[in-house]
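Q: Just a sequence and a predicted model for now, questions to come.
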Amino acid sequence: MTATLAIEIDHSHGAMLRVLGMIERRGWRVKALTMMPAGNAGQHMTIALEPQPWRPGSLEVLKRQIARLLCVRAIENGAEPRIEPGAMAAGRAMADRTAVQRVGAVS
């Protein structure tokens, strides 16, 4: 059984790690993850999940626990994760630009 969640989070430091840690602790494994900018300084995550065989957790309990995190703005059942054409190239370009900015800041 695969479940998909659509989550909107803040740009706060460690927000994604808190969400992913909660998913793992509640007995779910991340199969796929896509992340895109959302309006007003946020990020939109679409996560495909499957339950761990040793500890199958309830999806509703997981959603309630994730919603309680301070960095989470919204959560809902989502559609299958998909990558828009050009999104990977745009992500690589953004990463390259960030790396160049960091190198430039050091010197």
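A: Arrived safely, thanks for sending. Residues are numbered from 1 along each chain as shown.
Q: Give me the buried positions along stretch 31-40.
A: Buried residues in stretch 31-40, counted by 16 or more other Cβ atoms under 10 Å: 34-35, 38. Just so you know, the C-beta spots here come from the backbone N, C-alpha and C atoms, and that holds for glycine as well.
Q: could you dump these to JSON lines with pLDDT?
A: Output for the buried residues of stretch 31-40, formatted as JSON lines (pLDDT from 0 to 100):
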{"residue": "Thr34", "pLDDT": "94"}
{"residue": "Met35", "pLDDT": "92"}
{"residue": "Ala38", "pLDDT": "83"}
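Q: What are the boundaries of the strands in this structure?
A: Ranges of strands within the chain are 3-10, 28-38, 42-51, 72-77, based on DSSP state E.
Q: count of residues packed around Met16?
A: The tally of other residues near Met16 (other Cβ atoms under 10 Å) stands at 17.
Q: let me fix that: Leu70
A: Neighbour tally, Leu70, other Cβ under 10 Å: 10.
Q: tell me, what residue is most central in this protein?
A: Met45 (3.7 Å; Cα atoms, centre = their mean).
Q: in the sheet, who's paired with it?
A: Ile7, Met35 (DSSP bridges).
Q: hang on, the earlier thing: could you let me know which of the buried residues of stretch 31-40 ends up closest to Pro53?
A: Nearest to Pro53, judged by Cβ to Cβ, of the buried residues of stretch 31-40 is Thr34 at 25.0 Å.
Q: thought that closest one was touching Gly78?
A: No - contact between Thr34 and Gly78 fails when scored by Cβ atoms under 8 Å: they sit 9.9 Å apart.
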